[in-house]
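# sharing a sequence plus its predicted fold:
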Amino acid sequence: MTRVVGWALSLLCGVGRVIVVGVGRRLRPRLGVVSVRELVVLGTASQVPTRARSHNAYLLRWDGEGILFDPGEGAQRQLTLAGIAAADITRICVTHFHGDHALGLPGVVQRLSLEEVSEPRRGQRVAFVMDTRLCPAVSELADGVDLLVIESTFLSPESGLAAESGHLTAAQAARVAADCGVRTLVLTHFSRRYDDPDAFHAEASATYDGNLIIASDLIRVPVPPR
């Protein structure tokens, strides 16, 4: 578990709790950039990509910064499809080194140069929770955040499999969001056994009545303003 306080970000990985933060470069903020805070979802598949879902990858736009999370295989192509240039990436965060979260890292890093950056302003809070079963740290990280990006690999009928393999169900993720007062909930990291995203929405919305997003590749989710 790692908190990146200066960036108002929180991350959690339940597999070995290996976190690498800020891999790559620190760029000078670009002058004249319009303030934008949004999540660009590049990939949402768990373990094996499908025709509709690429491996994990998420770009968090934070004013003049672009923080890339968990670039799985194919991340460079998804960045191109989303219209995001290499120069838009200012930091890379990897929650753990499973292939679906890190295989795209060498290619992305190869495109980046090394420079310096000043610290960004604080304010809104974003949390990422990936590859973990329920534990106290999940709620600790999610508490009061504006945007929670959380894995929901399974639905409730497979809750036993979720616990055994170290993952969450949509209902568990929704309960965390509801209990922690999360303003916008983004569910992602779906098992390929499911082909109906509405099932995840139905399960989560039974518990969480806030702004609920079932992530699909290449969507953009604004960080709620304060």
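Perfect, thanks for sending it. Residues are numbered from 1 along each chain as shown.
# doesn't residue 189 make contact with residue 41?
No. The pair residue 41 / residue 189 is not scored as a contact, 10.9 Å apart, by CB atoms under 8 Å. Just so you know, the C-beta spots here come from the backbone N, C-alpha and C atoms, and that holds for glycine as well.
# in this protein, where's the longest helix?
helix 170-180 (DSSP state H).
# in that one, what's buried?
170-177, 180 (16 or more other CB atoms under 10 Å).
# between those, which is closest to residue 201?
Closest to residue 201 out of these is residue 170 (8.2 Å), distances taken as CB to CB.
# quick one: the strands in the chain?
With DSSP state E as the criterion, the chain has strands at 2-4, 9-13, 20-23, 37-43, 57-62, 65-69, 91-94, 126-130, 147-151, 184-188, 211-214, 220-222.
# adding mean neighbour count, write those strands out as JSON lines.
Shown next, in JSON lines, are these (neighbours: other CB atoms under 10 Å):
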{"stretch": "strand 2-4", "mean neighbour count": "17"}
{"stretch": "strand 9-13", "mean neighbour count": "24"}
{"stretch": "strand 20-23", "mean neighbour count": "16"}
{"stretch": "strand 37-43", "mean neighbour count": "23"}
{"stretch": "strand 57-62", "mean neighbour count": "24"}
{"stretch": "strand 65-69", "mean neighbour count": "23"}
{"stretch": "strand 91-94", "mean neighbour count": "23"}
{"stretch": "strand 126-130", "mean neighbour count": "26"}
{"stretch": "strand 147-151", "mean neighbour count": "27"}
{"stretch": "strand 184-188", "mean neighbour count": "25"}
{"stretch": "strand 211-214", "mean neighbour count": "18"}
{"stretch": "strand 220-222", "mean neighbour count": "14"}
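# who wins for proximity to residue 81 among those strands?
Judging these by CB to CB, what sits closest to residue 81 is strand 37-43, at 8.2 Å.
# direction included, what does the closest one pair up with?
strand 57-62 (antiparallel), strand 220-222 (antiparallel) (DSSP bridges).
# now render the ones you listed as CSV, adding mean pLDDT and distance to residue 77.
Putting the strands paired with strand 37-43 into CSV (pLDDT from 0 to 100; distance: least, CB to CB, whole Å) gives the following:
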stretch, mean pLDDT, distance to residue 77
strand 57-62, 96, 10
strand 220-222, 96, 17
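# so which of those comes closest to residue 48?
strand 57-62 (15.0 Å).
# now render the strands of the chain as CSV, adding distance to residue 85.
Shown next, in CSV, are the strands of the chain (distance: least, CB to CB, whole Å):
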stretch, distance to residue 85
strand 2-4, 24
strand 9-13, 22
strand 20-23, 19
strand 37-43, 12
strand 57-62, 11
strand 65-69, 9
strand 91-94, 15
strand 126-130, 22
strand 147-151, 22
strand 184-188, 23
strand 211-214, 25
strand 220-222, 16
